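*Asks:* Quick check, what structure comes out for this input:
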Amino acid sequence: MAQFDAFEQFRMTGHVAIITGGAQNIGEGIARTFSGAGAKVMIADLNGEKAIATAKKITEETGNEVRGITCNVTVDADIEKCVAETVKAFGSLSTLVNNVGWGRAYDDPLAITADEMVESYKLNTVSAMRMTAACRPHLLKATNASITNSGSMVGVLPAFDFLAYSAAKAAVNHMMVGLAHYFAKQVRINNVMIGTVITPGYAEAGLDAKAVEALKHPNNLTGRAGSPQDIANAFLWLASPAGSWMSGQTLHVSGGGARVRLKPE
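*Replies:* Alright, predicted model coming up:
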C-alpha cells in the first residue's frame, strides 16, 4: 500500500476562508476548489442572494459547509459584519481571498473622470486593504494564514482602454507585496496575475461579441484562453500548506502571455 500522498499538502482541512466576489465566475471556481479541498468557505458578494445560492450548490457538490453573505467591500460596516459572521459560523479564520474587482472599457482614456478613477481605486485596491485589516486579528492566530489577491495582466501591461481598472490593479499588486513584508513570518500574502478568462463580465465591461470572440483565441504560449478552474488551481496552491514557502510573490497565470519574436512570420 502506498504511503506517500502527493496531494496531502494541497488539502485545506481545518482552514476557514472568506472569498470576496465569490458568487460567480472566477470567485465561484475558487470557492468550489477550496471547499473540495476541505476548507469551510464564506462567499462574500454584493449579490447576497446569489452568494447564498452558490454556497448551497457548492455544499451539495463537495459535502463541505459553504455559506454566503451580502457584502459591499467598499463599506466598512459590511466588511466587519462579514468577518464577524464567518468567525461566528466556523469558529476561526485562516484564509482571505481578495477576488472582487471590476472595470469598464473606455475608448478615450482621458475621458475618464477623476471620480471614476477614485471609485475604481476604492473597489479594486482599497477594499483589499480594508478586508486585510478586518481579518488581521484572526489571521494572526491561525495556522498557515494567507491572503491571496486576484490581480490582472492589465495591471502590468499598457492597457489604455481599461486605464482606471488597470491602474487600480497595478496599485493592489504593489500594496499587497508591501503588506507581505509587513506581515513577514506571520501571514503569507501573494498576488495572482490573471490573464484572459472568458466570463460574462467582459460583456458587462463594455466589450462586444466580436471582441469577446477574439479574446477566446489569444496569441499566447498555450494557444487558449483560461478557465476559472485554471485560476482556482493556482489559488489552491498558494493558500494551502503546499504553498507555505510562497509570500510576497506575484504569480502570472495567463497561458504564458503573448508570444513574442523579433523576426516577422
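
*Asks:* Phi and psi next, for Ser146.
*Replies:* The phi/psi pair for Ser146 (degrees, to the nearest 10) reads phi -150, psi 150.

*Asks:* Number of residues surrounding it?
*Replies:* 26 (other Cβ atoms under 10 Å). Where you see a C-beta, it was placed from the backbone N, CA and C, and this is true even at glycine.

*Asks:* Would you enumerate the residues in contact with it?
*Replies:* Listed by Cβ atoms under 8 Å, 6 or more residues apart in numbering, the contact partners of Ser146 are Ser94, Thr95, Leu96, Val187, Arg188, Ile189, Asn190, Leu238, Ala239, Gly243.

*Asks:* quick one, phi psi at the closest residue to it other than its chain neighbours?
*Replies:* In space, and not counting its chain neighbours, Ser146 is closest to Arg188: 4.4 Å by Cβ to Cβ, 6 or more residues apart in numbering. Arg188 has phi and psi values of phi -80, psi 140 when expressed as degrees, to the nearest 10.

*Asks:* hang on, isn't Arg188 packed against Ser247?
*Replies:* Yes. Applying Cβ atoms under 8 Å, one finds Arg188 in contact with Ser247, separated by 3.9 Å.

*Asks:* shared neighbours of these two, anything?
*Replies:* Contacts common to Arg188 and Ser247, judged by Cβ under 8 Å, 6+ apart, are Ala180.

*Asks:* In terms of packing, which of these two has more residues around it?
*Replies:* Higher neighbour count among Arg188 and Ser247: Arg188, with 24 against 20, using other Cβ under 10 Å.

*Asks:* burial measure for Thr62, as a count.
*Replies:* 19.

*Asks:* Spit out the contact partners of Thr199.
*Replies:* Per Cβ under 8 Å, 6+ apart, neighbours of Thr199: Gln24, Asn25, Ile26, Pro228.

*Asks:* in this structure, which spans are helices?
*Replies:* 25-36, 48-62, 76-90, 114-121, 127-139, 163-182, 201-204, 209-215, 228-239 (DSSP state H).

*Asks:* got the CA coordinates for the fourth one in PDB?
*Replies:* To tie it back to what came earlier, the one meant is helix 114-121. Taking Å, rounded to 0.1, in the frame of the first residue of the first chain, the C-alpha atoms of helix 114-121 are listed here in PDB:
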ATOM      1  CA  ALA A 114     -11.400  61.900 -11.500                       C
ATOM      2  CA  ASP A 115     -14.400  60.400  -9.700                       C
ATOM      3  CA  GLU A 116     -14.300  57.300 -11.900                       C
ATOM      4  CA  MET A 117     -10.600  56.800 -11.200                       C
ATOM      5  CA  VAL A 118     -11.200  57.200  -7.400                       C
ATOM      6  CA  GLU A 119     -14.200  54.800  -7.400                       C
ATOM      7  CA  SER A 120     -12.100  52.200  -9.300                       C
ATOM      8  CA  TYR A 121      -9.300  52.500  -6.800                       C
END
